[in-house]
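Enquirer: I would like to see how this sequence folds:
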Amino acid sequence: MEISSDSQCIPHSPPQMCELNADNDKTNHLELDALPRREAVSKINARHDPMAHHLPVELSAMIFWQCLPALPPPESFNRADDGLDSQLAQITHSLTSVNQNWRNIACSTPTLWNSIFLNVKEDVLCQENFDSLLTNIKLRLQRSGSLPLNIRFRDQIDDIEDLDDIDLSLRQAIVEELCREAHRWQNICFVGLEKVLENIPKYTSELTVGAPQLSCLILEKTDELNYHRHRWSPTIGNFNAPSPSPSYLSLKISLLDADIFNFHRLTISHFHSPITSSTFLYILVNSPCLTTFTTRIGPTAKDNRPSLAQFNFPFRHTSLHTFDLKIGRRDIDDPFPKITLPNLENLKLTTSSFRCSGFHEFLCRSSSRLKNFDLTSFWDEENFISTLHLMPALEVLHSDTEISPRFFQHLGRTADRAAGFLPCLQAIHFTTHKFPEENFSWSLIRTMIPVEPTINHRPLSKVTVELHPELRLSEEEEIILKDLWESDIVIEVIVKY
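Expert: Residues are numbered from 1 along each chain as shown. Next up is the predicted model:
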């Protein structure tokens, strides 16, 4: 048989062949010598195998969970500068990239995936990035199992004047995907455009199991230019189930129906949009644990409030200690019918008129422990001074009102202070642009500061004055102000533009 081949054999001389054979024999001997050493090294490596490869899965999952950053408190849950979105993405990526064992453990640990923090930016939200983002959201929701969800969605748009040029379909798709798991909501924050958030009721309307685990709910609109054009009820209002009972509630939207929530666990509440006076009373009466309450009473687009006669009974709320109330209309009904807040310590009132008897009667019942009083209003001098007589524990007074010089003279008289007029007052903040120029003088500040403390009162330690830019100091006033600065009292002068 004849075998033909196109390949050519490389000719070698006998000495070269002997040299190649010697090299092969040397290599074989080295491999044989390395076998025992390899076995010895393998045994050493086996004895020093990382413990993480032998830990129970549950313990490894617990260690992985400890790597996650702590959730922010409800007061700062809506912040966008804490970097939680990038931290969560980096940690989960690292845990799933070490080896197959770690990846399996991480992917099967729901506590690593039940927090979703999204900062959507206009310059990066294209179709390609959106597909990847939506896939990541679905994957996290799937891996989180049935655990409660912590969600923060922030829609960051620098220029809100050209809303018609922005494609909102991608944002709406993200919100819709998050709303499908609304029955697992625990700490929720949606900050975005009204046209995106207004579809939340539609997305959740078919859910019938409610949100029994909801603890924190924050809904904020960013396009305040269109604030008065549309009114819509918050998300949970469309649940065909028992009302959720959050402990922290912050709404920068219109609240039309207060009874959609159960307020028995509510401790902190911020309503930045107007609510009716009856809604305010309904929330206050039905929130026994409420400690901080910020609200604005005024007209709404749809005012279905019941008669205030249903609240015409004595009521004491013993938990509330911080109260911030803004009244947006002059003809408001008395918002405090027979309500007493005996433990109130911080009160901020912004109203167009403080002359109604309801305010004065409320302070008579609720100001015995008041320490900080911030008032922006228009009222008469007698009413103002008589009201301050009701605050024996007041330490800080912040006033942006039309106060006459008589108040400062009254405050500076030792006899009046000894008689019980603001004996604990330590700091006062007022603005001069509310004063008529002919009635205001820096000498009034010097007269109201006692030189020596007495048994019945302490001297002021701080005075903050906001100057209107049109007010100018005379030479005499500059000398008085210099004398005040050289005293022990802290004088702050702020030019308010």
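Enquirer: please make it C-alpha for all contacts and neighbour counts, starting now.
Expert: OK.
Enquirer: need the nearest residue in space to Leu422, chain neighbours excluded.
Expert: Spatial nearest neighbour of Leu422, excluding adjacent residues (CA to CA, 6 or more residues apart in numbering): Pro392 at 5.5 Å.
Enquirer: list the contacts of that neighbour.
Expert: Pro392 makes contact with Ser368, Arg369, Leu370, Gly420, Phe421, Leu422, Pro423, Cys424, according to CA atoms under 8 Å, 6 or more residues apart in numbering.
Enquirer: ok, the fifth one to Ser368 distance?
Expert: To tie it back to what came earlier, the one meant is Phe421. Going from Phe421 to Ser368 by CA to CA, to the nearest Å gives 13 Å.
Enquirer: so for those two, which sits in the more crowded spot?
Expert: More crowded of Phe421 and Ser368, by other CA atoms under 10 Å: Phe421, with 24 against 18.
Enquirer: picking that back up, least confident pick among the contacts of Pro392?
Expert: By pLDDT, Gly420 ranks lowest within those, coming in at 62.
Enquirer: near the nearest residue to Ser146 once chain neighbours are set aside, how many other residues are there?
Expert: In space, and not counting its chain neighbours, Ser146 is closest to Arg184: 7.3 Å by CA to CA, 6+ apart. Residues within reach of Arg184, counting by other CA under 10 Å, total 20.
Enquirer: the longest helix seen in the chain - what's its average pLDDT?
Expert: Determined from DSSP state H, the single longest helix within the chain is helix 14-47. Helix 14-47 shows a mean pLDDT of 78.
Enquirer: picking up where we left off before, quick check: phi and psi on the residue nearest to Leu422?
Expert: Backbone torsions for Pro392, taken as degrees, to the nearest 10, come to phi -70, psi -20.
Enquirer: what about it, distance to Asn346?
Expert: Counting by CA to CA, the separation of Pro392 from Asn346 is 14 Å.
Enquirer: quickly list what's touching both of the two.
Expert: In contact with both Pro392 and Asn346: Leu370, using CA under 8 Å, 6+ apart.
Enquirer: what are the buried residues along stretch 182-199?
Expert: For stretch 182-199, burial by neighbour count (16 or more other CA atoms under 10 Å) applies to 182-194, 196-198.
Enquirer: contacts for stretch 189-199?
Expert: Stretch 189-199 has contacts (CA under 8 Å, 6+ apart) with 77-78, 151-156, 168, 171-172, 175, 216-223, 232.
Enquirer: any quick PyMOL command for the buried ones out of the residues you listed?
Expert: Buried subset of the contacts of stretch 189-199, written as a PyMOL selection, criterion 16+ other CA under 10 Å:
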select buried, resi 77+78+151+152+153+154+155+156+171+172+175+216+217+218+219+220+221+222+223+232
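Enquirer: output the below-cut-off pLDDT ranges for the stretch 51-200 of the chain.
Expert: Filtered on pLDDT under 70, the stretch 51-200 of the chain yields the residue ranges 51-53, 122-128, 157-167, 199.
Enquirer: can you show me the strands along it?
Expert: Counting by DSSP state E, counting those that start in this stretch, one finds strands in the stretch 51-200 of the chain at the ranges 115-121, 149-156, 185-192.
Enquirer: the helices in the stretch 201-350 of the chain, which residues?
Expert: In the stretch 201-350 of the chain, the helices defined using DSSP state H, counting those that start in this stretch lie at 277-285.
Enquirer: which stretches of the stretch 351-497 of the chain have low pLDDT?
Expert: Within the stretch 351-497 of the chain, the segments meeting pLDDT under 70 span 352-357, 378-382, 401-420, 431-497.
Enquirer: one more time with 50
Expert: Counting by pLDDT under 50, the stretch 351-497 of the chain shows low-confidence ranges at 434-439, 450-451, 455, 495-497.
Enquirer: ok, Pro246 touching Ser269?
Expert: No: if you go by CA atoms under 8 Å, Pro246 and Ser269 don't touch, sitting 9.6 Å apart.
Enquirer: quickly list what's touching both of the two.
Expert: Counting by CA under 8 Å, 6+ apart, no residue touches both Pro246 and Ser269.
Enquirer: now do the buried residues in stretch 385-404.
Expert: Buried residues in stretch 385-404, defined by neighbour count with 16+ other CA under 10 Å: 385, 387-403.
Enquirer: strands along the stretch 251-400 of the chain, start to end?
Expert: Secondary structure of the stretch 251-400 of the chain (DSSP E, counting those that start in this stretch): strands located at 268-275, 292-297, 315-316, 322-327, 339-340, 346-350, 372-376, 396-399.
Enquirer: partner strands of the fifth one, with direction?
Expert: Looking back up the chat, that one is strand 339-340. strand 315-316 (parallel) (DSSP bridges).
Enquirer: go on, the longest one?
Expert: For strand 268-275, sheet partners with direction are given as strand 248-252 (parallel), strand 292-297 (parallel), following DSSP bridges.
Enquirer: JSON lines for the contacts of Pro392, including distance to Leu35?
Expert: Compiled in JSON lines, the contacts of Pro392 are given as follows (distance: CA to CA, whole Å):
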{"residue": "Ser368", "distance to Leu35": "89"}
{"residue": "Arg369", "distance to Leu35": "85"}
{"residue": "Leu370", "distance to Leu35": "85"}
{"residue": "Gly420", "distance to Leu35": "97"}
{"residue": "Phe421", "distance to Leu35": "96"}
{"residue": "Leu422", "distance to Leu35": "92"}
{"residue": "Pro423", "distance to Leu35": "92"}
{"residue": "Cys424", "distance to Leu35": "88"}
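Enquirer: just those residues now: which is nearest Gln87?
Expert: Checking the contacts of Pro392 against Gln87 by CA to CA gives Leu370 as the nearest, at 42.4 Å.
Enquirer: which residues does that closest one contact?
Expert: Contact partners of Leu370, counting by CA under 8 Å, 6+ apart, are Asn343, Leu344, Glu345, Asn346, Leu347, Met391, Pro392, Ala393, Leu394.
Enquirer: can you give me the neighbour number for the fifth one?
Expert: Translated: Leu347. For Leu347, using other CA under 10 Å, the count is 18.
Enquirer: now the fourth one
Expert: If you count neighbours by other CA under 10 Å, Asn346 ends up with 20.
Enquirer: cool, the first one as well?
Expert: Asn343 sits with 19 neighbouring residues when counted by other CA under 10 Å.
Enquirer: could you measure from it over to Met391?
Expert: Counting by CA to CA, the gap from Asn343 to Met391 is 13 Å.
Enquirer: need the overlap of contacts for these two.
Expert: Residues touching both Asn343 and Met391 (CA under 8 Å, 6+ apart): Arg369, Leu370.
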